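S.K.: generate coordinates for the sequence data below:
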Amino acid sequence: MTEKSVRWQKRILNMTPRDYLLLEANNQQLEASPPDVAVLPWGAVESHNYHLPYGTDVLEATSLAERSAEAATAEGAQVIVLPTVPFGNDEQQLDQACAISITTTTAYAILRDVVRSLTTQGIDRLILVNGHGGNQFKPLIRDLQGEFDILIVLADFFNMAKDEFNAIFENPGDHADEFETSVMLHLHPELVQLEHARPGETIPFKVDGIMQEGVWTPRPWSSSHPDTGCGDPRLATAEKGKAYCDAVVAALSRLMVGLAKAEKGTLPYQ
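M.R.: Sure thing, here's the model as predicted:
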């Protein structure tokens, strides 16, 4: 048996189920420490240029939710991270091999059933950690908070820690770019093949006026972004990814601790 195998066996033997991850926690742990806050990571499955995996959004949302929950648990918060929802709205990417898209009505049905289950068990605080820009949860949250006795907080991780984001990244785009590639180089470097990355160029709309501020329509993705990326990833580094992830984890864990300590009848419940 090699030294590496021995170290790996010792690591496995010393592992215990983490009580803040529902996929690992057992009934004894959850009965002893019932969660106050549930966390639901939500991603998407789609092409990310030629150097990042299809599951990039899933992996990012999952890792950041788990790391933040670990930090919040260390501060005494009773948090549970639910299994990640892997599919998002990718209607404009359906010409890509194996891209899976769910409609907004499907997302609503999934989220409603999660909320219905949690509130039945007395869990009245939920954080959505979103890893995909095409997932739009705000109208869904408004409807569900009107129907159920629950506080739902949306955390789009890619829009958090803006000061740090602007200080760290030199030329970000919005998909498989310097930012997202840096995050993956930090979280899952074994899955990044940067040597295959393409420029992430954007072909602009021909219709005059569509790109002005306040005007929006979905991009026909493969026509707008021929290599499926948006933004040049070549400036990406693991160090940049770590700096940003550390900022997001600090912000997310602070949110988890705050919600865990909050009581009904106090802000933001009013």
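S.K.: hey, where'd the helices end up in this structure?
M.R.: Along the chain, the stretches classed as helices by DSSP state H are 3-14, 27-32, 56-74, 104-120, 138-147, 162-168, 178-187, 221-224, 238-261.
S.K.: how about residue 92, nearest residue that isn't a chain neighbour?
M.R.: The shortest distance from residue 92 to any residue other than its chain neighbours is 4.5 Å, reached at residue 221 (Cβ to Cβ, 6 or more residues apart in numbering). Every C-beta, even on glycine, is put in place using the N, C-alpha and C of the backbone.
S.K.: out of the helices of the chain, deepest packed?
M.R.: Mean neighbours per residue, mean count of other Cβ atoms under 10 Å, is largest over the helices of the chain for helix 178-187, with a mean of 25.
S.K.: and that helix, what does it pack against?
M.R.: helix 56-74, helix 238-261 (3 or more Cβ pairs under 8 Å, 6 or more residues apart in numbering; DSSP states H and E).
S.K.: need the residue closest to the centroid of this protein.
M.R.: Geometric centre of the chain, nearest residue: residue 61, 2.3 Å, by Cα atoms, centre = their mean.
S.K.: identify the residues contacting residue 245.
M.R.: Contacts for residue 245 (Cβ atoms under 8 Å, 6 or more residues apart in numbering) come out as 63-64, 67, 183, 186-187.
S.K.: again, only using 7 Å
M.R.: 64, 183, 186-187 (Cβ atoms under 7 Å, 6 or more residues apart in numbering).
S.K.: residue contacts, the residue nearest to the centre of the chain?
M.R.: Neighbour list for residue 61: 41-43, 84, 129-131, 157 [criterion: Cβ under 7 Å, 6+ apart].
S.K.: grab the nearest non-local neighbour of it.
M.R.: Closest to residue 61 by Cβ to Cβ, 6+ apart is residue 131, at 3.2 Å.
S.K.: and for that neighbour, the neighbour number?
M.R.: Neighbourhood size, residue 131 [other Cβ atoms under 10 Å]: 28.
S.K.: one more: the one 4 residues further on?
M.R.: Residues lying near residue 135 (other Cβ under 10 Å) number 24.
S.K.: correct me if wrong: it contacts residue 87.
M.R.: No - contact between residue 135 and residue 87 fails when scored by Cβ atoms under 7 Å: they sit 9.7 Å apart.
S.K.: list the residues that contact both of the two?
M.R.: residue 44.
S.K.: can you list the weak-confidence ranges in the stretch 151-270 of the chain?
M.R.: 267, 270 (pLDDT under 70).
S.K.: contacting residues around residue 152?
M.R.: Listed by Cβ under 7 Å, 6+ apart, the contact set of residue 152 reads 126, 128, 141, 144-145.
S.K.: kindly recompute the last result at 6 Å.
M.R.: Residues in contact with residue 152 (Cβ atoms under 6 Å, 6 or more residues apart in numbering) are 126, 141, 145.
S.K.: do the same with residue 126
M.R.: 38, 152.
S.K.: what pLDDT does it get?
M.R.: With respect to pLDDT, residue 126 scores 97.
S.K.: quick check: beta-bridge partners of it?
M.R.: Counting by DSSP bridges, residue 126 is bridged to residue 38, residue 152.
S.K.: quote the end-to-end distance of stretch 116-133.
M.R.: 25 Å (Cα to Cα, to the nearest Å).
S.K.: on that earlier part again, so how far is residue 135 from the residue nearest to the centre of the chain?
M.R.: 10 Å (Cβ to Cβ, to the nearest Å).
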